[in-house]
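Trainee: how does the following fold in three dimensions:
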Amino acid sequence: MKKYFFLVMATILLSLMLKELLDTDDLVINSLAVQFTQDQIQDVLNFQQKWQWVSYVVLPLLLLLKVGIIAAILDVGCFFFDREIKYKHLV
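Mentor: Okay, the predicted model is just below:
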């Protein structure tokens with residue numbers, strides 16, 4: 001459980017750092033400037049900021065799903081090669 005918590009925290013931290021380093025708001029403005037007006041671009045940015053918290057809620061669930069799928073695949077591989085490894089050790 002400690003490893004999973006560390007993985008979630010590291011992923012959230014890296015996500016925040018990436019958002020700051022890339023300055024995604026400027027990237028969105030530059031990419032949409034040709035197609036939309038300034039008001040429409042501002043609406044898009046406001047929408048992203050309003051719903052940004054959803055990504056931080058969904059992130060632990062997606063990580064749990066990814067880790068579970070990878071552990072299940074490793075468990076099947078161990079079964080086919082007659083290896084006895086507990087599922088707890090795969091996760």
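Trainee: helices of this protein, residue ranges please.
Mentor: Along the chain, the stretches classed as helices by DSSP state H are 2-22, 24-32, 38-50, 52-80, 87-90.
Trainee: tabulate those in CSV, adding columns for mean neighbour count and mean pLDDT.
Mentor: The way it works is simple: take the backbone N, C-alpha and C, and place the C-beta from them, glycine included. Shown next, in CSV, are those (neighbours: other Cβ atoms under 10 Å; pLDDT from 0 to 100):
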stretch, mean neighbour count, mean pLDDT
helix 2-22, 11, 90
helix 24-32, 12, 87
helix 38-50, 12, 92
helix 52-80, 12, 90
helix 87-90, 11, 69
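Trainee: now for the residue positioned nearest the centre of the chain: which residues touch it?
Mentor: In the chain, the C-alpha closest to the average C-alpha coordinate belongs to L59, at a distance of 4.9 Å (Cα atoms, centre = their mean). Remark: with contacts taken as Cβ atoms under 8 Å, 6 or more residues apart in numbering, L59 is in contact with 8, 11-12, 15.
Trainee: need those in CSV with distance to H89, can you?
Mentor: Formatted as CSV, the entries for the contacts of L59 read as follows, by distance: Cβ to Cβ, whole Å:
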residue, distance to H89
V8, 20
T11, 22
I12, 26
S15, 28
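Trainee: farthest-separated two in the residues you listed?
Mentor: Spatial extent of the contacts of L59 (Cβ to Cβ) is set by the pair V8 and S15 at 10.6 Å.
Trainee: surely L7 touches L63?
Mentor: Yes: counting by Cβ atoms under 8 Å, L7 touches L63, with 6.0 Å between them.
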